[in-house]
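one predicted model, sequence on top.
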Amino acid sequence: MNVTSAKDWLVKSWHHYSSAKILFDAHHFTDCIAIDLHYSIEISLKAILAYRNDKIVKSHDLLEIHSLIAEQIDFNDDELALLDIVTRYHVKESYPNPTRILPPRDEIKKVLEFADQLLDRVCTLLNISTHEIKSEPN
């Protein structure tokens, strides 16, 4: 078990989640929020791999990452569907793409709630204090 590494991953997940929440509350563009949400969820899932001292896969496919940790954390069908949706939020390039659309705010709101709950769930699973992870910046 590598608690230190898992904490590092979870703190980074919190940073991305916090950014997404601030942008959402400010009614910012949902495509930008979606990128932070994708990273928050991806990093939360990878924290379990870090905790186990497993190789951190170089994948952004959330269903693929989940398949590696399914024995630790299981998702219902709605949550798996969200993982599939959020996987599509990942961008390989930052240049304008005419086929990329803004995710609807109601979808982003659901993903925000899921990302926050996931972070708490992973902290509980790994016996890591959420207070320690969700501390304010200095």
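Looks like it came in fine.

ok, now which ones touch the residue sitting nearest the centre point of the chain?
The residue lying closest to the centre of the chain (CA atoms, centre = their mean) is Ile41, at 1.1 Å. Counting by CB atoms under 8 Å, 6 or more residues apart in numbering, Ile41 touches 13, 62, 83, 86, 111, 114-115, 118. All C-beta spots, glycine's among them, are computed from the backbone N, C-alpha and C.

ok, now Glu64?
Here Glu64 is in contact with Val57 (CB under 8 Å, 6+ apart).

go on, Ser19?
Applying CB under 8 Å, 6+ apart, the residues near Ser19 are Asp36.

and it, how far from His38?
Counting by CB to CB, to the nearest Å, the gap from Ser19 to His38 is 12 Å.

now do Asn53
Between Asn53 and His38 the distance is 25 Å, computed by CB to CB.

which one of these two is surrounded by more residues?
His38 (23 against 10; other CB atoms under 10 Å).

what sits closest to the more buried one if chain neighbours are left out?
Tyr89 (4.1 Å; CB to CB, 6 or more residues apart in numbering).

in what helix or strand does the residue of the chain most remote from its centre lie?
Centroid-distance maximum for the chain: Pro98 at 25.4 Å, with CA atoms, centre = their mean. If you go by DSSP states H and E, Pro98 is not part of any helix or strand.

wait, what's in contact with it?
Pro98 touches nothing, counting by CB under 8 Å, 6+ apart.

likewise for Ala26?
With contacts defined as CB under 8 Å, 6+ apart, Ala26 has no neighbours.

what does the pLDDT read for it?
Note on Ala26: pLDDT of 98.

going forward can the numbers begin at 2, since that is how I track them
Okay, using 2 as the starting number, the last item reads as Ala27.

my read: the residue nearest to His39 touches Pro104, true?
Yes. In terms of CB atoms under 8 Å, Tyr90 counts as a neighbour of Pro104; the distance is 7.0 Å.

more crowded one of the two?
Neighbour count, other CB under 10 Å: between Tyr90 and Pro104, Tyr90 has more, with 24 against 19.
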